[in-house]
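J.: Any chance you can model this:
(chains A and B, ligands or ions: 1)
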Amino acid sequence: MSGIAMPEPDPRILARRDQIVAGLKEIVKGEGVIDSEDERRAFETDALTAYRRMPLAVVLPSTTQEVAAVLKYLNREGVPIIPRGAGTSLAGGALPQEDAVVVGVSKMARVLDVNLADRTMRVETGITNLGVSGAISHEGFFYAPDPSSQLACTIAGNIAMNSGGAHCLKYGVTTNNLMGVVFVTMEGEIVEIGGDAMDAPGLDMLGLICGSEGQFGIVTEATLRILPMAEGARPILFGFPSSEAAGAATAAVIGAGIVPVAIEFMDKIAIDICEDFAHAGYPMDAGALLIVEVEGAPAEIDEQLARIGEVARANGATSARQATTAAEAAAIWKGRKSAFGAMGRISDYICMDGTIPTGRLPEILARITEICDAAELKVANIFHAGDGNLHPLVLYDMNDPVSLAKAERAGEDILIACVEVGGCLTGEHGVGIEKRELMTTQFTEGELFQQMRVKSAFDPNWLMNPAKVFPLHMRGETRKAA
Amino acid sequence: MSDLIAPTDEAGVEAAVHDAMSSKTPIAVRGGGSRAGLGRPTQAARTLTTERLSGVTLLEPAELVASARAGTPVAAFEAELARAGQRLAFEPFDHRALYGSTAEPTVGGMVATNASGPRRVIAGAARDALIGVRLVTGRGETIRSGGRVMKNVTGYDLVKLACGSHGTLGVITEATFKTLPIPETELSLVWEGLDEARGVEALCAAMGSPFEASGAAHLPANADAPARTVVRLENFESQLRYRSGELEKLLKPFGAAARLAVDASRALWSEIREAAPLLGDGGRSVWRVSVAPSRAAALAGGLGALAAAHFYDWSGGLLWIAVEPSADAGAATLRPAVREARGHATLVRASDAVRAAVDVFEPEPPALARLSAAVTEAFDPAGVLNPGRMHVRH
Ligand SMILES: Cc1cc2nc3c(=O)[nH]c(=O)nc-3n(C[C@H](O)[C@H](O)[C@H](O)COP(=O)(O)OP(=O)(O)OC[C@H]3O[C@@H](n4cnc5c(N)ncnc54)[C@H](O)[C@@H]3O)c2cc1C
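T.: Here you go, the predicted model:
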């Protein structure tokens, strides 16, 4: 097993397992309580698969009231709780621990209300991200945040992680598209926060809960902002001789007052791997490419792409290919959207998620190369260029513990470099267990204690997803801080 | 004003808060003071102003980011952004006209009150544009949250929490925003004579179209003018030609639209931005009600004579209501009606006495109020910053 530690399970809780399971079965009848080792195994990890912990039990309630009763019970019993959506967290956010009960919302996945005039939609949070847009696409509406994992990941997980996607340059991330939640507190109280009216006065608890990584309580319903679809959208693909040129072009496009829906970057290694997988027609002689997407009516798109093309050429673009058909557009995006999958076919990888001020791109790319060369690891860079969110994929061999350790180390060094140039450790995946120990590189101890006090305000006994986000060694000092 | 503390740096703010803690003397916090009439009156012997923490500290148009110290005048910040071709997309709401104030609105005050204007309907609120803050907490400690990059989920989002906290959690000393390029031009389409329900319907139809309306207001008829339903478009000139034509076609069922060219459009939206349609009688109390557009017209209609004047912004999602002055500014009638419509109401203008007597902000349900109180206590355990500004502290 690898480098990131988890707290020792509490033997007193382990000893009471049967009693706790029986208590849960009193609350959630039928198949909602998962007890057998075989079935629990499906919940022992998330998308950070190098880490696994068998949970004490798994509960899948069907109603908010059941969630409330479960939390009340577990809080009283002093049992840790791991909220779970689809388990696609790349940061280990949904990783269980042996003395904890996983509370999943996957059985709560209904659309409760759609109001096109108000441009709002109310859902149970176990619905998948794509399921939300799927329920309204025939009306010409969509839900904007679009993580690449959207087929599987849930709105619950999106809210907990404040997830982003390729199109958030224009439309913002989850927090900018979330209007309200039904939130179950540790004490089992059901609280409505926000709703279909904008900007509730009072402290912005909605904004605080979004991105709290499942450490405050369980979100069972959400009111989402939905948007009318653009008349059309079209990507264009630019090849550049170097990553530096692609970076400069990105800055120049935005500097020219054009904010496309998306600007995605890939370096040479990423191009090779994705092209091999998706046959998207990527320029194989390019050192880097940009996919730029704009929206509007056909003539509007032509005009915007002409402007963008001019800027790209002035910044050294050596090739430009506009999608002329829907199939071509899909092919251009397929390469990008399947990047992680394509990479997974050829190698194990860890996906980093730092953000940098976009002006520092050339410098940080050089630094990434240096770090990975020194560790004798390959790295492919995929990057939401418009907003500075980097996804370097550090390739390693899962069967070789030394290689994994090296990759984790290199990943950490990359993130530290992001912080050093004025960026941050994570742009959209969250801290989870993965970046927990690095938090001290971005924040002072005082800043972390202040965040921990906020957790204590919701969860005084630190039962809710407790081993995430904050360095383990600081945990003992929480009470002192609070 | 001997009791005005005006620190010139963060250390000075920290010292003032420490002093307040040790002497158990709460302090009121303000920027320029142009929004002093917002919130419950604070009982504090001393006032701390951020006025002297001034200056734009970062401006990177190619990265869509800018920072300013809290005391920077909003006007100066916006002017500097404009020189770089950028703006604050949420179109900061200006409270001066409402309060008849000549004080200078500051960046810190704008953030502390989440002061968003008409464009909020498409571009998000101040809290959505805010990506980083520095604040001195009620413990006298300077903390940062967020940063200068627009995608950042590292640690809890205390940025959102600080925005709209009315100085109760900490003294904001610096704020960083996502900015957006200023569009080439704008125009507005105006439909005359629609009743309120139809007016809001027209606004919703516009917002539900792909043409990205950046303003959507309905100004009911008054003695001097017929009702006006106004939709703003901002973009490149060529796009506006196309989009305004399409929008007119789409909204044909609501009648023919008149056009306001760029200057007239700007003038009208700057009036809406300061709630000018309600300012006729300075003695009236003013409520700002947030409600789903589809329930807005019925809510306003149900208030009957209580509403001396009113208008709709945010596609009907924001209802501005002026009432004749009274001991509770009409709260006894208005609050239950707003609750029934599942909205929330803020009393933005009334005398100190009224604002001390009634809830200025929508009362929170008990469980939420407990969480809010616990969070406030995590930042300001001794209650030294703007005590009672948002809610009576128990
Ligand atoms: C191939 C791949 C691509 C990805 N692409 C993106 C991307 O483009 N952008 C992006 O942002 N992320 C991306 N991710 C990461 C991941 O999909 C997101 O973090 C997602 O939001 C997690 O959703 P989930 O339902 O799987 O949540 P889980 O993994 O189950 O849980 C995530 C976190 O949410 C908490 N949680 C879950 N449910 C609740 C609840 N009801 N109440 C409170 N807390 C809860 C959990 O405790 C955990 O901390 C990707 C992941 C993969 C595997």
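
J.: Provide a list of residues in contact with the closest residue to the ligand within the stretch 1-150 of chain A.
T.: The stretch 1-150 of chain A approaches the ligand most closely through A:G85 (2.4 Å), counting by CB to the nearest ligand atom. (C-beta placed from N, C-alpha, C; glycine too.) For A:G85, the contacting residues are A:94, A:104-106, A:125-126, A:153-158, A:160, by CB atoms under 8 Å, 6 or more residues apart in numbering or on different chains.

J.: Next, the contact list for whichever residue of the stretch 51-200 of chain B sits closest to the ligand, please.
T.: Residue nearest to the ligand within the stretch 51-200 of chain B: B:V153 (7.9 Å; CB to the nearest ligand atom). By CB under 8 Å, 6+ apart, B:V153 lies in contact with A:M161, A:N162, A:G211, A:T426, A:G427, A:E428, A:H429, A:G430, A:V431.

J.: now swap in A:E139 and tell me
T.: A:E139 is in contact with A:V114, A:L116, counting by CB under 8 Å, 6+ apart.

J.: give me phi/psi at it?
T.: The phi/psi pair for A:E139 (degrees, to the nearest 10) reads phi -90, psi 0.

J.: I'd like the distance between it and A:R41.
T.: 40 Å (CB to CB, to the nearest Å).

J.: Quick check: closest non-adjacent residue to the residue of the stretch 151-300 of chain A found nearest the ligand.
T.: Proximity of the stretch 151-300 of chain A to the ligand (CB to the nearest ligand atom) peaks at A:G157, 2.0 Å away. Among residues not flanking A:G157 along the chain, A:G85 sits closest, at 3.4 Å (CB to CB, 6 or more residues apart in numbering or on different chains).

J.: what's the answer for B:L278, then?
T.: Going by CB to CB, 6+ apart, B:L278 has B:A322 as its nearest residue, at 4.4 Å.

J.: what residue lies at the spatial centre of chain B?
T.: B:A115 (2.2 Å; CA atoms, centre = their mean).

J.: how about stretch A:398-413: buried residues?
T.: Along stretch A:398-413, these residues count as buried under the neighbour rule (16 or more other CB atoms under 10 Å in any protein chain shown): A:S403, A:L404, A:K406, A:A407, A:E408, A:R409, A:A410, A:G411, A:E412, A:D413.

J.: and what of stretch B:313-321?
T.: B:D313, B:W314, B:S315, B:G316, B:G317, B:L318, B:L319, B:W320, B:I321.

J.: go on, stretch A:376-384?
T.: So stretch A:376-384, judged by 16+ other CB under 10 Å, has buried residues A:L377, A:K378, A:V379, A:A380, A:N381, A:I382, A:F383, A:H384.

J.: Same check on stretch A:56-71?
T.: Residues of stretch A:56-71 classed as buried by neighbour count (16+ other CB under 10 Å): A:56-62, A:64, A:66-71.

J.: got it, and stretch A:301-321?
T.: So, applying 16+ other CB under 10 Å, buried residues of stretch A:301-321: A:301, A:303-305, A:307-309, A:311-312, A:315-317, A:320-321.

J.: In chain A, what residue lies closest to chain B?
T.: A:G207 (2.6 Å; CB to the nearest CB).

J.: pretty sure that residue is touching B:A162, no?
T.: No. A:G207 lies out of contact with B:A162 (CB atoms under 8 Å); the separation is 9.6 Å.

J.: Have a look at those two and say which one is more surrounded.
T.: B:A162 (32 against 29; other CB atoms under 10 Å in any protein chain shown).

J.: nearest spatial neighbour of that one, skipping sequence neighbours?
T.: B:V133 is the one closest to B:A162 (CB to CB, 6+ apart), at 4.9 Å.

J.: The stretch 251-394 of chain B: strands as residue ranges?
T.: B:258-260, B:285-290, B:309-313, B:318-323, B:344-349 (DSSP state E, counting those that start in this stretch).

J.: okay, those strands, which one's buried deepest?
T.: Comparing the strands of the stretch 251-394 of chain B by mean neighbour count (mean count of other CB atoms under 10 Å in any protein chain shown), strand B:318-323 ranks first with a mean of 26.

J.: Name the residues that touch it?
T.: In contact with strand B:318-323 (CB under 8 Å, 6+ apart) are residues A:198, B:120, B:275, B:277-278, B:281, B:284-291, B:296, B:299-300, B:303, B:306-313, B:329-330, B:334, B:343.

J.: Kindly report the same for stretch B:382-393.
T.: A:202-203, B:17, B:20-21, B:24-29, B:39-44, B:138, B:165-171, B:359-361, B:363-364, B:369, B:372-373, B:376.

J.: Distance from the chain centre to it, please.
T.: Taking the mean of its C-alpha atoms, stretch B:382-393 sits 21 Å from the chain's own mean (CA atoms, centre = their mean, to the nearest Å).

J.: per-residue pLDDT, the residue nearest to B:R134 when sequence neighbours are not counted?
T.: In this structure, B:R134 finds its nearest non-sequential neighbour in B:E174, 4.3 Å apart by CB to CB, 6+ apart. Per-residue confidence for B:E174 comes out at a pLDDT of 98.

J.: Sketch out the low-pLDDT regions of chain B for me.
T.: Along chain B, the parts satisfying pLDDT under 70 run over B:1-2, B:393-394.

J.: what residues are up against the closest residue to B:M207 other than its chain neighbours?
T.: Sequence neighbours aside, B:S315 is the residue nearest to B:M207 in space, at 4.6 Å (criterion: CB to CB, 6+ apart). Shown in contact with B:S315 (CB under 8 Å, 6+ apart): B:V121, B:V200, B:L203, B:C204, B:A206, B:M207, B:A216, B:P293.

J.: circling back: nearest to the ligand among the buried residues of stretch B:313-321?
T.: Nearest to the ligand among those, with distances taken as CB to the nearest ligand atom, is B:G317, at 26.9 Å.

J.: on that earlier part again, if we check the ligand, which of the buried residues of stretch B:313-321 are in contact?
T.: Applying CB under 6 Å from any ligand atom, the subset of the buried residues of stretch B:313-321 adjacent to the ligand is empty.

J.: Report the two of these separated the most.
T.: Greatest spacing in those, by CB to CB: B:S315 and B:I321 (16.9 Å).
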